[in-house]
Every structure is written in structure tokens, then in C-alpha cells.
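Student: Just need the structure, nothing else, for what follows:
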Amino acid sequence: MNPSALEGLEDHLGRLLQDGLVVAFSGGVDSAFLLWAAERVRREQGGRLLALTTESASMPAADREDALEFVRELGVEHLVRRSGEMHLEAYTRNDENRCYHCKAELFEIAESVVEQRGWRWIAYGYNASDVGDVRPGHRAAQERGVRSPLADAGLTKDEIRALMRTHGLRLAEKPASPCLSSRIMTGLQITPERLEDVEALEAILRAGGIRVCRVRVCREGATAFLRLEVAPAEMPRVLALRDELLREAHAKGYRWVTLDLEGYRTGGGRT
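Tutor: Predicted coordinates:
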């Protein structure tokens with residue numbers, strides 16, 4: 001890693017903090033590192049900092065607990081607000097712009113907090129590894145002037161994890177954890193019930209020792225079914241949980257539970 005990247009990040013954060021900075025904090029690795037770096041700079045240089053977490057049915061309960069614990073350890077002021085994307089038809093219809101509407105809701109809440117406090121800046125955990133990906137949520141950030149200090153400093157996801165390990169931060173090894181809505185097949189309506197189903201089945205997998213998993217809600221014609229994605233090496237563990245998974249899925253009205261032999265991959269919910 002280029003040492004100047006961290007220095008550049010801290011210089012940038014120092015300027016933002018002087019005018020008041022709200023960090024959109026999801027409980028994931030990237031926003032955790034951003035928040036930690038901002039607090040470290042604030043302690044050295046002064047300024048104003050707030051962590052903002054929005055919660056809804058699409059946020060895994062584990063992520064909420066991670067966010068609360070991380071902020072408690074940092075000692076940063078933390079505001080938790082309920083977000084309303086589940087009430088937006090543009091969001092629940094679950095097309096390719098779903099993430100745009102989610103981030104627009106998040107940043108609208110953040111803007112109201114900034115305005116109430118007389119502050120100026122909002123930042124979130126977009127980083128250099130995200131540049132070039134198709135990310136409708138980043139378009140929402142750009143439209144609203146939300147800052148992305150990690151990307152501006154050129155820090156990649158691997159570098160962020162390495163820095164978190166170096167500084168002994170507790171979320172350094174946390175697997176990627178996108179929102180539960182990302183598990184619903186594109187074009188299939190997002191409902192609180194489907195999100196609860198996903199979380200319940202993923203809880204069974206994690207309790208069985210599977211660390212990285214996705215339970216995808218899919219549809220074939222009029223039939224809804226579940227597709228499980230895990231690393232190939234962990235597939236035998238899934239089979240050991242077969243009876244429990246089937247009971248839970250059938251009780252929730254799903255006809256089939258399938259194990260995707262291709263294994264876990266990002267973006268698997270799009271098809």
C-alpha cells in the first residue's frame with residue numbers, strides 16, 4: 001500500500017471535519033474503517049463527527065449489532081434512524097435501480113441531519129475497488145454531493161482490510177454483507193416476509209458453521225424457490241443441515257431448496 005494514501009485520507013477528513021461530517025455507517029468493513037479514520041483525525045485535529053446508521057427490514061440484524069458495538073468501542077456519537085425504502089414502489093419492484101433508491105433514501109435522511117445541525121458534509125464507504133463497477137447507489141451519492149474519501153485516497157478493499165488488521169479493528173475479517181434485498185431475484189418484488197425468510201435460512205447456515213453464504217429467493221414461473229450459495233468447500237456442511245433447511249423453507253411456503261454447485265459469487269441475485 002502506498003503510505004501516502006492514508007495520509008491523503010487523513011488530510012481530506014481533517015478538512016471535512018472542520019465543517020461537520022456525517023459518516024453513513026452500515027456496520028460493514030468499508031464504512032467502519034472510514035469512521036475509525038475520521039475519529040482518529042478528529043481526536044488529533046478537532047472537528048465535528050457523527051455516525052449515522054439507517055435501519056429497515058433489509059438490514060441484517062447482525063449488521064445492526066456490529067454497527068452498535070463498533071461505535072460503542074470508538075466512542076463516536078451515533079444516530080440510528082429508521083429508513084423508508086420499503087415504502088417506495090420504485091425500490092420494492094426490485095429492478096436494476098434498486099440500490100439507487102435505497103441510497104437516495106439514506107442520503108435524504110443524512111441531509112436532514114446535516115441541515116438540522118448546521119453542518120456541511122456527508123461521506124460513505126465507496127472505495128477504489130468500487131470504481132468501474134455498475135453502482136446505481138453511487139450515482140445517488142454523486143447527485144447529492146456525498147463524499148467518498150476512501151476512493152479519493154485510492155484505497156482498495158484489500159488495503160482497507162490490511163489497515164484494519166494493523167490497527168486491531170474488530171471488523172477486519174467480517175465478510176462482505178450486502179443488504180438482504182440483494183438476495184431477491186431481480187424483478188421479484190421485495191417484501192418484508194421474503195427478507196425475513198432469507199435471514200432465517202441464512203441464520204441456520206451460519207449456526208452450522210458456514211461463514212459466507214447467500215440464500216437467494218428465486219422464481220420459476222409461479223413457483224418460488226430458494227437457491228443456496230456457499231463456497232464449494234463448505235457444501236458438505238450444507239448437506240448436513242438438509243433436514244433443518246427443508247423444514248424451515250417448506251414451512252415458509254417454498255417448494256424447492258437448491259444448492260448452487262457453482263458456489264458463492266457476488267451478483268448472484270440478479271438472475
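
Student: how about the helices of the stretch 101-250 of the chain, start to end?
Tutor: Assigned by DSSP state H, counting those that start in this stretch, the helices in the stretch 101-250 of the chain fall at 136-143, 149-152, 157-166, 192-207, 235-240, 242-251.

Student: any idea which of those helices is most buried?
Tutor: Mean neighbour count (mean count of other Cβ atoms under 10 Å) peaks for helix 149-152 among the helices of the stretch 101-250 of the chain, with a mean of 22. Using the backbone N, CA and C atoms, a C-beta is placed for each residue, glycine as well.

Student: So which of the helices of the stretch 101-250 of the chain is nearest G263?
Tutor: helix 235-240 (7.7 Å; Cβ to Cβ).

Student: Could you pull up phi and psi at K252?
Tutor: phi -90, psi 0 (degrees, to the nearest 10).

Student: How many residues are close by it?
Tutor: 15 (other Cβ atoms under 10 Å).

Student: May I see the helices of the stretch 101-250 of the chain arranged in TSV, with distance to E262 and mean pLDDT as well?
Tutor: TSV is the format used below for these (distance: least, Cβ to Cβ, whole Å; pLDDT from 0 to 100):
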stretch	distance to E262	mean pLDDT
helix 136-143	25	96
helix 149-152	30	97
helix 157-166	22	96
helix 192-207	17	97
helix 235-240	11	96
helix 242-251	19	97
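
Student: Let me have these in TSV, extended by distance to Q116.
Tutor: Listed next are the helices of the stretch 101-250 of the chain as TSV, based on distance: least, Cβ to Cβ, whole Å:
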stretch	distance to Q116
helix 136-143	20
helix 149-152	23
helix 157-166	30
helix 192-207	29
helix 235-240	47
helix 242-251	43
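
Student: closest one to A90 among the ones you listed?
Tutor: Across the helices of the stretch 101-250 of the chain, closest to A90 is helix 136-143 (Cβ to Cβ), at 11.4 Å.

Student: How far away from the center of its chain is the closest one?
Tutor: 15 Å (Cα atoms, centre = their mean, to the nearest Å).

Student: same check, this time on stretch 174-186
Tutor: When distances are taken as Cα atoms, centre = their mean, stretch 174-186 is centred 8 Å away from the chain's centroid.

Student: Would you mind writing the CA trace of it as PDB?
Tutor: Extracted in PDB, the C-alpha atoms of stretch 174-186 (Å, rounded to 0.1, in the frame of the first residue of the first chain):
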ATOM      1  CA  LYS A 174     -16.000  -9.500   8.500                       C
ATOM      2  CA  PRO A 175     -17.300 -11.000   5.200                       C
ATOM      3  CA  ALA A 176     -19.000  -8.700   2.800                       C
ATOM      4  CA  SER A 177     -22.600  -8.200   3.900                       C
ATOM      5  CA  PRO A 178     -24.900  -6.500   1.400                       C
ATOM      6  CA  CYS A 179     -28.400  -5.800   2.300                       C
ATOM      7  CA  LEU A 180     -31.000  -8.700   2.400                       C
ATOM      8  CA  SER A 181     -32.800  -7.200  -0.600                       C
ATOM      9  CA  SER A 182     -29.800  -8.200  -2.800                       C
ATOM     10  CA  ARG A 183     -30.800 -11.800  -2.200                       C
ATOM     11  CA  ILE A 184     -34.100 -11.300  -4.000                       C
ATOM     12  CA  MET A 185     -34.000 -12.100  -7.700                       C
ATOM     13  CA  THR A 186     -34.200  -9.000  -9.900                       C
END
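
Student: Kindly state the pLDDT recorded for the most centrally placed residue in the chain?
Tutor: Centroid-nearest residue in the chain: P178, 4.1 Å away (criterion: Cα atoms, centre = their mean). Per-residue confidence (pLDDT) for P178: 91.

Student: where's it relative to E69, distance?
Tutor: In this view, P178 and E69 are 20 Å apart by Cβ to Cβ, to the nearest Å.

Student: Kindly report the same for G221.
Tutor: G221 sits at a distance of 44 Å from E69 (criterion: Cβ to Cβ).

Student: Many thanks, I have nothing further to ask.
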